[in-house]
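Novice: sequence and predicted model, in that order:
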Amino acid sequence: MKIFSIARVCIVLGGLWISIGGALAAAPPLFVLNSLEANVSVIDPVTWTETARIPTGKEPHHLYLTPDEKSIIVANALGDTLTFLDPRTAQIQRTVRGIVDPYHLRFTPDMKWFITAANRLNHVDFYRWDGKELTLVQRVATSRTPSHLWIDSRSTTVYSTMQDSDELVAIDIATQTIKWRTKTGAMPADVYGSPDDKRLFVGLTGSDSVEVFDVSGREPVSIKKIKTGNGAHAFRAAGDGRHLYVSNRVANSISKIDMTTQQVVESYPVPGGPDCMEVSADGRFIYVSSRWARKLSVVDTEAKKVVRQVTVGKSPHGVWTLQHAPR
């Protein structure tokens, strides 16, 4: 699979030939995770065609671009493995084995810790990262079905939703112990922290709302439920430091939330069970996996509608690319 083309240009200047060799990089691909096919679709964002399918381990559920943007990591929950991909060339970098039930995953911003949620086995795992290898340090027992993770900007606390016990749990990263737990609305899924680390937004997939928690004090306080649409599920920052997108899987829509006023300011119809999202570098387009339609849907936020769809594999469950708006 060829991602880069090499060009050599000769220029005549003052009677001298100057040979200039350079790699003209094509636009980096979009990666779409197909959970029920155990592979990743590679999408060319210029031609909007699928150029490759990369095999992964069993039942991958989430993709993650490392903070240094050197690797896309695929978490293979039933395969107990991680697949590392080059985000520029779409080549497999390596496979890491012995990572138990990695359903959701995140690095701390300082990249000292790699943390996974074991969705089937009810624990959150802490791995020490030395830049090359992962070493399991602690396994923290949680409530039922840890789902999604969020880590604060200072790399001090990881938050995890408990999908089947309707809870939000905070774990101290330094000691790998639970700081607190609190009840949430029905079936909490994704969780996202405000830029100042004072608020958490929790998607209530068993409801029609996003629940907002104040976590600035010693104990969390639920302060609001923002009605967005049935099956509120996954988040993606708009890139402007103020707005947040949430996909409403059952309502077939995406809502744009103002994190300051905690109000929905825009809504976009998206068919097929919209799930995980990515946002273009200029902030205009949302790339979303339409989970039940086997499509990557492209939403134009100015036109407020889906303007393109690309067929991918079964149960697409994640989208990432290097050319993205700030997260």
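Specialist: It's in.

Novice: lowest-pLDDT helix or strand in the protein?
Specialist: strand 4-13 (a mean of 32; mean pLDDT, DSSP states H and E).

Novice: so where's the stretch 151-300 of the chain shaky on pLDDT?
Specialist: Nowhere does the stretch 151-300 of the chain drop to pLDDT under 70.

Novice: please enumerate the helices of it.
Specialist: Assigned by DSSP state H, counting those that start in this stretch, the stretch 151-300 of the chain shows no helices.

Novice: what segments of it are strands?
Specialist: For the stretch 151-300 of the chain, applying DSSP state E, counting those that start in this stretch gives strands covering 157-162, 167-172, 177-183, 188-193, 199-204, 209-214, 221-227, 232-237, 243-248, 253-258, 263-269, 274-279, 285-290, 295-300.

Novice: between strand 188-193 and the first one, find me the angle.
Specialist: Using axes from the mean of the first three to the mean of the last three Cα atoms, to 10 degrees, the inter-axis angle of strand 157-162 relative to strand 188-193 is 160 degrees.

Novice: now swap in the third one and tell me
Specialist: Going by the same axes, to 10 degrees, strand 177-183 is angled at 120 degrees with respect to strand 188-193.

Novice: residues making contact with strand 177-183?
Specialist: Residues from elsewhere that reach strand 177-183, judged by Cβ atoms under 8 Å, 6 or more residues apart in numbering: 140, 142-143, 157, 162, 166-172, 213, 219-220, 222. Glycine gets a C-beta too; all of them are placed from N, C-alpha and C.

Novice: residue 97 is nearest to which of the strands of the stretch 151-300 of the chain?
Specialist: strand 157-162 (23.5 Å; Cβ to Cβ).

Novice: that closest one versus strand 209-214: what angle between them?
Specialist: 150 degrees.

Novice: which elements pack onto strand 157-162?
Specialist: strand 146-151, strand 167-172, strand 188-193 (3 or more Cβ pairs under 8 Å, 6 or more residues apart in numbering; DSSP states H and E).

Novice: I'm done for today, thanks for sticking with me.
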